[in-house]
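Asker: got a predicted structure here, sequence first:
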Amino acid sequence: MRLGVKPAVFLGRLFVFFFLTYVLWKPCAPAYTHVLATLTRGFLHLTEISSDPNLSQVTEMGVRETSEGRPAIYYRNRLFPQVEDGIAAEWLQAGLVLLIPLMLATPARSHAQRIGRLGLALGIWVVLQVLDITVTVKFFYATQLGQYSGAYYSNTARFLYGFANAFTQAMDAALFPFAIWAGIHFKQLLGRDQPLPAAPGAPAAVAQTPPPKPVPRRKRKALSRTAR
C-alpha cells in the first residue's frame, strides 16, 4: 500500500475493530436479520410472478427462534406448509462481522472515503446475501417437495441450483468478505493508488519543465543570419 501504514499497524487496527464490531453488533443483529428476511422475501416474490397459481407468490418467510433459542430465517412453500427449512442468523452474519473491521482498518485519505467504502461494501454484501438465500430456497423447492419438484423444476434447474447453493455456502462466511474488501481496495493493494496530498505547511513540489529540444545545425545558421 502507498498510504504509509505498516502491516503490523494494520493488523493491530484489524483486531481492535473486530473486537468493537463483535461487541456492538449483538444489539443490531436482530434488526438486520428481519431486514434481510424482508428484502429476500420481496425479491423471491418478484421471481414468482406467474399466471400459474402453483408458482405465483408461493414463498412464506419469517424470522423466529430455533429449539436452541437462536434466531433463524425460516421459509416454506405455501402449498406445503408442513415442509420447511431455515438458515441460522449467526451463519448469515458471520462474514459481516469480518467485513466491517476489514473496511475500517484499511487506510484511507479521509474519514469520508472510509465511510463511503464501508457503505459500498455493506451494499454489495446485502445483495449477495439476498441472492444467497434465494438460491437456497430455490434449491429446496427443486429437490425437497416430491412430485412438485419434479413437475416444476427440470434436471438442469436442479443441477444449477445445487451448484449455486454449494458455491454460495462455501463463499459466504469465509471468502465473500475478503473478495469484497479486495475488490474495493484493488488499486490500493497493488500500489497503483494516487499519492497522498502534501501535508499543510510542507513545501510544494516544484514543477519541472522539460529541457528545450535541440535546434538543428542548419536552422541555427538560418537564425543567426536573420539576426544579422
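Answerer: Arrived safely.
Asker: by mean pLDDT, which helix or strand of this structure comes out lowest?
Answerer: For the chain, using mean pLDDT, DSSP states H and E, the weakest element among its helices and strands is helix 217-227, scoring a mean of 54.
Asker: I'd say Leu145 and Arg78 touch.
Answerer: No - in terms of Cβ atoms under 8 Å, Leu145 does not count as a neighbour of Arg78; the distance is 11.6 Å. (C-beta placed from N, C-alpha, C; glycine too.)
Asker: what about these two, which has more around it?
Answerer: When Leu145 and Arg78 are compared on other Cβ atoms under 10 Å, the one with more neighbours turns out to be Leu145, at 18 against 9.
Asker: now name the helix or strand holding that one.
Answerer: If you go by DSSP states H and E, Leu145 is not part of any helix or strand.
Asker: same question, Met61
Answerer: Remark: Met61 resides in strand 59-65, with elements defined by DSSP H and E.
Asker: what is the mean pLDDT for that strand?
Answerer: Along strand 59-65, the predicted confidence averages to a pLDDT of 94.
Asker: quick one: contacts of that strand?
Answerer: Counting by Cβ atoms under 8 Å, 6 or more residues apart in numbering, the neighbours of strand 59-65 from elsewhere in the structure are 30, 33-34, 37, 40-41, 44-45, 48, 71-78, 81, 89, 137.
Asker: tell me the gap between whichever helix or strand comes after that strand and the middle of its chain.
Answerer: Beyond strand 59-65 in the direction of the C-terminus, DSSP H and E gives the next helix or strand as strand 71-77. Distance, stretch centre to chain centre, for strand 71-77: 23 Å (Cα atoms, centre = their mean, to the nearest Å).
Asker: show the subsequent helix or strand relative to strand 71-77.
Answerer: Per DSSP H and E, strand 71-77 leads on to strand 84-88 as the next helix or strand towards the C-terminus.
Asker: okay, buried residues for whichever helix or strand comes after that next one please.
Answerer: For strand 84-88, the succeeding helix or strand toward the C-terminus, using DSSP H and E, is helix 89-105. Along helix 89-105, these residues count as buried under the neighbour rule (16 or more other Cβ atoms under 10 Å): 89, 92-93, 95-105.
Asker: residues making contact with helix 89-105?
Answerer: For helix 89-105, using Cβ under 8 Å, 6+ apart, the contacting residues are 10, 13-14, 16-18, 20-22, 25, 29, 32-33, 36, 63, 70-73, 114, 117-118, 121-122, 125, 129, 133, 172-174, 176-178, 180-181, 184.
Asker: grab the nearest non-local neighbour of Met171.
Answerer: Using Cβ to Cβ, 6 or more residues apart in numbering and skipping residues adjacent in sequence, the residue nearest Met171 is Ala179, 7.4 Å away.
Asker: C-alpha coordinates for the host helix or strand of the one you found, PDB please?
Answerer: For Ala179, the element it lies in under DSSP H and E is helix 176-184. As requested, C-alpha coordinates have been extracted for helix 176-184 and formatted as PDB (Å, rounded to 0.1, in the frame of the first residue of the first chain):
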ATOM      1  CA  PHE A 176     -17.100 -13.100   0.300                       C
ATOM      2  CA  PRO A 177     -15.800 -10.600   2.900                       C
ATOM      3  CA  PHE A 178     -12.300 -10.800   1.600                       C
ATOM      4  CA  ALA A 179     -13.400 -10.700  -2.000                       C
ATOM      5  CA  ILE A 180     -15.500  -7.500  -1.400                       C
ATOM      6  CA  TRP A 181     -12.700  -5.900   0.600                       C
ATOM      7  CA  ALA A 182     -10.000  -6.700  -2.000                       C
ATOM      8  CA  GLY A 183     -12.200  -5.600  -4.900                       C
ATOM      9  CA  ILE A 184     -12.900  -2.200  -3.400                       C
END
